[in-house]
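Peer 1: one predicted model, sequence on top.
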Amino acid sequence: MPAKNILQVQPIAAYDDNYIWLVSDGHCAVVVDPGDAQPVIAYLKEHQLRLQAILITHHHADHVGGITDLLTWASTSQQHAPVVYGPALEDIPNVSDPLMQGDTLHIAPFVPEFWVMGVPGHTAGHIAYFLNNGSTQHLFCGDTLFASGCGRLFEGTATQMFDSLTKLKNLPETTLVHCAHEYTLSNIKFALAVEPDNQDLLDWQSRAQALRKVGKPTVPTTIAHEKRVNPFLRCEYSSVIRSVSTQVTLSDQGPVSVFAALRAWKDVFK
């Protein structure tokens, strides 16, 4: 087993395309967005890990559906009640510790703290968790930022989502982006419709296809990578503005207007 506080981050596949993220020091674990309890329980049992806490980014069922069963399992199998953290601005059953932008949480026995970021847009109260583990930074961003894409605007505004993505874009470039879905190939298809001559994106398509061909995740990526290949983080680029302008008449070419048009285009893209 890895030494204590040398953290490992593991994606656990759930449903058709969800990823539940598990952070472990080899003894204890934190899980992020457990939409389904069973694959998490199986992993915890196999690796003999004690579930310390559950972190929730937003209220959608595929992110919260496993909370109750995980709590029941932990209380009966581990004689322990994990703490459940989640967004204060959303009504999520079983959340014991509501969180807002700027909060920090220390989950013993882990040494690094999780920093909470408010990232509304996909939902009204969506939050993300940033973990600075020495030389490695981790972002657990739910459905706000995807590999080569971003979440739909179900409850928030384009301005809110643009501001949230800008906040994430400004994190250290080496930050590992742990998003909650395997949407990468379809996101790349759209991104290439926006920037067909982006060589970084063409190279990424080849790598991502090779990973999926052998059943491997395309995530995590990094903030630096997303800034090169994700059109939703490139709204100020002339190549993106030109492509968006062929789809809709822009009231202006400011990045928020470009983002709003880009997201609307993606919503109907086939």
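Peer 2: That came in fine, so what should we check first? Numbers count the residues shown, from 1 in each chain.

Peer 1: helices of this structure, start to end?
Peer 2: 37-46, 61-64, 67-77, 158-169, 184-194, 199-213, 223-229, 238-245, 255-268 (DSSP state H).

Peer 1: and Glu195, how far from Val229?
Peer 2: Summarising the geometry, the distance separating Glu195 from Val229, computed by CB to CB, to the nearest Å, is 8 Å. Where you see a C-beta, it was placed from the backbone N, CA and C, and this is true even at glycine.

Peer 1: what of Tyr19?
Peer 2: As judged by CB to CB, Tyr19 and Val229 stand 19 Å apart.

Peer 1: with Met161 instead?
Peer 2: Taking CB to CB as the measure, Met161 and Val229 are separated by 18 Å.

Peer 1: who has more neighbours, Tyr19 and Val229?
Peer 2: Neighbour count, other CB atoms under 10 Å: between Tyr19 and Val229, Val229 has more, with 27 against 22.

Peer 1: quick revisit: tabulate the helices of the chain (TSV), appending mean pLDDT and distance to Val119.
Peer 2: Below are the helices of the chain laid out as TSV (pLDDT from 0 to 100; distance: least, CB to CB, whole Å):
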stretch	mean pLDDT	distance to Val119
helix 37-46	98	23
helix 61-64	98	14
helix 67-77	97	20
helix 158-169	98	4
helix 184-194	98	18
helix 199-213	98	23
helix 223-229	98	14
helix 238-245	97	21
helix 255-268	97	14
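
Peer 1: correct me if wrong: Ile188 contacts Phe146.
Peer 2: No - using CB atoms under 8 Å, Ile188 is not in contact with Phe146; the gap is 10.6 Å.
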